[in-house]
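Enquirer: When you get a sec, could you give me coordinates for this:
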Amino acid sequence: MPRRTKIVATLGPATDVAGVLDKLIEIGVDTVRMNLSHDTHKIHKKRADLVHDRAQAHGRPVGILVDLQGPKIRVGKFKNKQIILKEGDEFILDVDMDLDAGTQERVGVTYKELHNDVSRGATLLLDDGRIVLWVEKVEGNEIHCRVTIGGPLSNNKGINRQGGGLSATALTGKDREDIKFAAELDADYLAVSFPRTADDVNEARELFRAAGGKGGIVAKIERAEAIDEIESILEASDAIMVARGDLGVEIGDAAVPPIQKRLIKLARSHNIVVITATQMMESMIESPIPTRAEVSDVANAVIDGTDAIMLSAETAAGKYPVEAVQAMDRVCLVAEQTHEVTHSEHRMEVKFKRIDEAIAMATMYSANHLPVRAIASLTESGSTALWMSRISSGVPIYALTPHVETRRKVTLYRGVYPVGFELPSNDPAEVMQEAVDELRRRGAVRDGDIVVITIGEPLAKPGGTNTMKIVTVGEIITDE
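Expert: I've put the predicted structure just below:
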């Protein structure tokens, strides 16, 4: 069986090496991520063009996810590039200080409202929590701190507040320009960093649409406040990313696993895509094999039902980008054989509001209770395939569509495989026959296999799926 869980690989210098991107596509990367926190628009444009070119050469769609930088709050630079802070030291975060003039005693910060967001008793976490500062007082634009956990602190390290509470807006001026760039790239997904509420997601969508962008909006869950607003954020999003790095810093590392499980379950119940990210194969930046803990981490995300798992520095800057994807692939394939992954009681008690959603659920119920070899979903927008992918099953779902945008969009849907398919006529029986023949040509089915087909009549109407038909490969399909 093909792998159902999708793999997202971040592009960077390591994937710019000749032949690496081809290998990643060959071994099954489904979507690539472009991290706009790094590199120029020119470099990202070159990468996007290469992705489209090589994906076409390999005959398989590869989606593009553009990830906005967001309001990353950082310390400035130090005159000597690095200082060593010891427990008990006094240290000042100075909003007015030159960002290049940091010393052993104080440093500037990129977020000029930081002094308004903290007061005595707040805990600030620097460099992903490696440095911990306790706020003793705020005098004007100076935040006077006491070091409670020390260590080396170098240029441009991030700042988080334990428990959340920093009021920086989700979309910076840079992000607004980057949204226009994402639209120019024809990005399939736009990831919004550090959203606090659904308003942040809606604003990004409005700007993306105004710039001509057609892709889905991914809300990255990495602020403590986002957890409190998760229901409305889910309603506003096409997908969420469980971004465990900054989230873990804000809510504490021990709180991340149960939150991750909850977010995956909520996303599936809302019929949206969920990506699990950050440090999934972190050791493979330097090692050709993952740790056993990383293998378990990936497997548990798969068993919990994540649509996709993401590699960041492992593929962008690591020594072993191809091996990292191969490791994820083999872990997914084994994890997907477990009972939790292949059986489902999802939405069994839910009443449906749309005919196409009801058809999707009926299809999956049938597929899980008959010896079905494949599902052929003839789709315009991909919605029916998305609903199907919410149900745990071992049956592959083939999204047959003439639209390249839809084919790239479904690259993130768990268990869904895009197939380019032009309608041969306006006769539903002839279209269904050609769909089955296409799957047979691809080796997905053979004579005697049972296939479930979903289709909308009249044809080519978005959201119009209203028919499910169960057929046997090799038999003539009729309108009866």
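Enquirer: By mean pLDDT, which helix or strand of the chain comes out lowest?
Expert: One helix or strand of the chain scores below all others by mean pLDDT, DSSP states H and E: helix 339-342, with a mean of 64.
Enquirer: after that helix comes which helix or strand?
Expert: helix 355-369 (DSSP states H and E).
Enquirer: Quick one: name whatever helix or strand follows that following helix.
Expert: strand 372-378.
Enquirer: what pairs with that next one, and is each one parallel or antiparallel?
Expert: Here strand 372-378 is paired, per DSSP bridges, with strand 397-401 (parallel), strand 450-456 (parallel).
Enquirer: Where does P61 sit: helix, strand or coil?
Expert: Under DSSP: H, G, I helix; E, B strand; the rest coil, P61 falls in the coil class.
Enquirer: That one and D447, how far apart?
Expert: Distance of P61 to D447, computed by C-beta to C-beta, to the nearest Å: 28 Å. For glycine as for every other residue, the C-beta is placed from the backbone atoms N, C-alpha and C.
Enquirer: And V331, by the same measure?
Expert: Distance, V331 to D447, using C-beta to C-beta: 34 Å.
Enquirer: Among these two, which residue is more densely surrounded?
Expert: Ranked by neighbour count (other C-beta atoms under 10 Å), V331 and D447 place V331 first, with 24 against 9.
Enquirer: what's around the closest residue to that one other than its chain neighbours, how many residues?
Expert: If the residues on either side of it in the chain are set aside, V331 comes closest to V298, at 4.7 Å by C-beta to C-beta, 6 or more residues apart in numbering. Neighbourhood size, V298 [other C-beta under 10 Å]: 23.
Enquirer: for V298, what are its contacts?
Expert: M280, M281, P290, I309, M328, V331, C332, A335 (C-beta atoms under 8 Å, 6 or more residues apart in numbering).
Enquirer: do the same with D329
Expert: Shown here is D329, whose contacts under the criterion C-beta under 8 Å, 6+ apart are R3, I7, I27, G28.
Enquirer: ok, the residues you listed vs A191, which is closest?
Expert: I7 (16.1 Å; C-beta to C-beta).
Enquirer: Kindly state the pLDDT recorded for the closest one?
Expert: On pLDDT, I7 comes in at 97.
Enquirer: For it, which residues count as its bridge partners?
Expert: Beta-bridge partners of I7, as defined by DSSP bridges: I309.
Enquirer: Spit out the contact partners of it.
Expert: Contacts for I7 (C-beta under 8 Å, 6+ apart) come out as G28, V29, D30, T31, A308, I309, M310, L311, V325, M328, D329, C332.
Enquirer: Give the phi and psi angles for R205, as a check.
Expert: Backbone dihedrals for R205, given as degrees, to the nearest 10, come out at phi -60, psi -40.
Enquirer: what's the answer for R408, then?
Expert: phi -70, psi -30.
Enquirer: quick one: it and K137, what's the gap?
Expert: 53 Å.
Enquirer: what about the spatially most central residue of the chain, which helix or strand?
Expert: Against the mean C-alpha coordinate of the chain, by C-alpha atoms, centre = their mean, the closest residue is I275 at 3.8 Å. Per DSSP H and E: I275 is located in strand 273-277.
Enquirer: Could I get the CA-only coordinates of the helix or strand following that strand as CSV?
Expert: Sequence-wise, the next helix or strand downstream of strand 273-277 (DSSP H and E) is helix 292-304. This file holds the C-alpha atoms of helix 292-304, laid out as CSV (Å, rounded to 0.1, in the frame of the first residue of the first chain):
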residue,chain,number,x,y,z
ARG,A,292,14.7,5.8,18.7
ALA,A,293,12.9,8.6,20.4
GLU,A,294,12.5,10.4,17.1
VAL,A,295,11.1,7.3,15.5
SER,A,296,8.6,6.9,18.3
ASP,A,297,7.6,10.6,18.0
VAL,A,298,6.9,10.3,14.2
ALA,A,299,5.0,7.0,14.7
ASN,A,300,2.8,8.4,17.4
ALA,A,301,1.9,11.4,15.4
VAL,A,302,0.9,9.1,12.5
ILE,A,303,-1.1,6.8,14.9
ASP,A,304,-2.9,9.9,16.3
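Enquirer: in helix 292-304, what counts as buried?
Expert: Buried residues in helix 292-304, defined by neighbour count with 16 or more other C-beta atoms under 10 Å: E294, V295, D297, V298, A299, A301, V302, I303, D304.
Enquirer: So what touches whichever helix in the chain runs longest?
Expert: For the chain, the helix with the greatest residue count under DSSP state H is helix 41-58. Outside of helix 41-58, the residues within contact range by C-beta under 8 Å, 6+ apart are 11, 15-16, 21-22, 25-26, 32, 34, 36, 61-62, 64, 66, 181, 184-185.
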